[in-house]
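*Asks:* no sequence on this one, just coordinates:
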């Protein structure tokens, strides 16, 4: 699978640490690129201030993209970049849908219309 599973404990970090910050800390400890580290989960338990985390460290980013679901990869991106990617995909999908409707003759009545 070309990956390592890293379990980490962040003491006193409950509610204070973000996924991106946790990835930066792990990348510093393991001396690898941040893009190779995918946070799987960060768990806080009731009444505790510690965060138990699980990360996958891949040898190659392409391998991570191949093995993990797409949403895991999107979670690692900054919010603005993620929103831009999703908006571009929605626009492309809408454009394709409009083109197919126009090529079919877009003036036909929509199915499920009013019955007489």
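*Replies:* In hand now; what should we look at? None of these values were measured; they are calculated from a predicted model.
*Asks:* Residue 16 looks like it's in a strand, true?
*Replies:* No - counting by DSSP: H, G, I helix; E, B strand; the rest coil, residue 16 is not part of a strand but coil.
*Asks:* any idea how far the closest residue to residue 13 other than its chain neighbours is from residue 82?
*Replies:* Among residues not flanking residue 13 along the chain, residue 51 sits closest, at 4.8 Å (C-beta to C-beta, 6 or more residues apart in numbering). Backbone N, C-alpha and C define where each C-beta goes, glycine included. Separation of residue 51 from residue 82 (C-beta to C-beta, to the nearest Å) stands at 22 Å.
*Asks:* Who has more neighbours out of these two?
*Replies:* Comparing residue 51 with residue 82 by other C-beta atoms under 10 Å, the one with more neighbours is residue 51, at 21 against 15.
*Asks:* I'd assumed residue 14 was in contact with that one.
*Replies:* Yes - taking contacts as C-beta atoms under 8 Å, residue 51 lies within contact range of residue 14: 5.6 Å.
*Asks:* Now list whatever residues contact both of these two.
*Replies:* Residues touching both residue 51 and residue 14 (C-beta atoms under 8 Å, 6 or more residues apart in numbering) are residue 44.
*Asks:* ranges for the helices of the chain?
*Replies:* 19-30, 61-67, 70-75, 79-104 (DSSP state H).
*Asks:* how about these, which one is nearest residue 1?
*Replies:* helix 61-67 (6.6 Å; C-beta to C-beta).
*Asks:* And that closest one, what does it pack against?
*Replies:* strand 3-10, strand 51-58 (3 or more C-beta pairs under 8 Å, 6 or more residues apart in numbering; DSSP states H and E).
*Asks:* distance between the ends of stretch 46-57?
*Replies:* End-to-end distance for stretch 46-57: 28 Å, by C-alpha to C-alpha, to the nearest Å.
*Asks:* For it, list every residue counted as buried.
*Replies:* 51, 53, 55, 56, 57 (16 or more other C-beta atoms under 10 Å).
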